[in-house]
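Undergrad: pasting the structure only:
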């Protein structure tokens, strides 16, 4: 299994889109649980790290360097 590296403030693409239509999220909290924020509507969700790693497709960048 491929290890997915991600960090705080990274922009990630999830496998399924949010109901608002966006599938890009920003990682805003890391630990045993991961909190991510939708880049379209601003809604944030909290999920266990194992579930997040399973549902994440890829990391596309860091929000701090792209600003």
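TA: Structure's in. What do you need? Since this is a predicted model, take the numbers as computed values, not measurements.
Undergrad: hmm, which helix or strand of the protein has the shakiest average pLDDT?
TA: Between all helices and strands in the chain, the lowest mean by mean pLDDT, DSSP states H and E belongs to helix 63-66, at a mean of 62.
Undergrad: please enumerate the strands of the protein.
TA: 10-14, 24-29, 33-38, 44-48, 56-62 (DSSP state E).
Undergrad: mind checking those for the one nearest to residue 4?
TA: Of all the strands of the chain, it is strand 56-62 that lies closest to residue 4, at 5.9 Å by C-beta to C-beta. For glycine as for every other residue, the C-beta is placed from the backbone atoms N, C-alpha and C.
Undergrad: quick revisit: redo the strands of the chain as a markdown table? Include distance to residue 4, mean neighbour count and mean pLDDT.
TA: Shown next, in a markdown table, are the strands of the chain (distance: least, C-beta to C-beta, whole Å; neighbours: other C-beta atoms under 10 Å; pLDDT from 0 to 100):
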| stretch | distance to residue 4 | mean neighbour count | mean pLDDT |
| --- | --- | --- | --- |
| strand 10-14 | 9 | 18 | 95 |
| strand 24-29 | 12 | 18 | 95 |
| strand 33-38 | 11 | 18 | 96 |
| strand 44-48 | 14 | 12 | 96 |
| strand 56-62 | 6 | 14 | 89 |
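Undergrad: which parts of the lengthiest helix in the chain are buried?
TA: As assigned by DSSP state H, the longest helix anywhere in the chain is helix 49-55. The neighbour-count check on helix 49-55 (16 or more other C-beta atoms under 10 Å) flags residue 52 as buried.
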